[in-house]
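**Q** below is the sequence, then the predicted model.
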Amino acid sequence: MRAYFVQIKCELGESYNVANRLAELEIASEIHSTAGPFDLLVKLYLEDDVDVGQYVNSHIHAIDGIRDTETLVTFRAF
């Protein structure tokens, strides 16, 4: 499995709704609220054969209240 981090920018006033919907769907290992240009930081673990772009598009972008995302690919945990 590989870890990915998705930073999510929400529509104004929607970050808690988006976070709660992500939690309900149980698709993320961790969901954190953040300060700065993004509102949420989501940690995903995906099998090596899963297309992360397709996964984010079909599972995360489908949630109402999301304005933008940025996906970070990780290489190694220390």
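**A** Great, that's in hand. Residues are numbered from 1 along each chain as shown.
**Q** right, and Ala34 touches Gln7 too?
**A** Quick fix: residue 34 is Thr, not Ala. Yes - using Cβ atoms under 8 Å, Thr34 is in contact with Gln7, at 7.5 Å. Heads up, the C-betas are built off the backbone N, CA and C, glycines and all.
**Q** residues near the nearest residue to Ala19 once chain neighbours are set aside, how many?
**A** Using Cβ to Cβ, 6 or more residues apart in numbering and skipping residues adjacent in sequence, the residue nearest Ala19 is Ile31, 5.3 Å away. Residues within reach of Ile31, counting by other Cβ atoms under 10 Å, total 18.
**Q** buried ones in the helix or strand hosting Ile31?
**A** Taking DSSP states H and E as the criterion, Ile31 maps to strand 30-33. Residues of strand 30-33 classed as buried: Ile31 (neighbour count, 16 or more other Cβ atoms under 10 Å).
**Q** per-residue pLDDT, Leu72?
**A** What the model reports for Leu72 is a pLDDT of 96.
**Q** so it is in which element?
**A** Per DSSP H and E, Leu72 falls inside strand 66-73.
**Q** quick one, longest helix in the protein?
**A** helix 15-25 (DSSP state H).
**Q** rounded mean pLDDT for that helix, please.
**A** Mean pLDDT, computed over helix 15-25, is 97.
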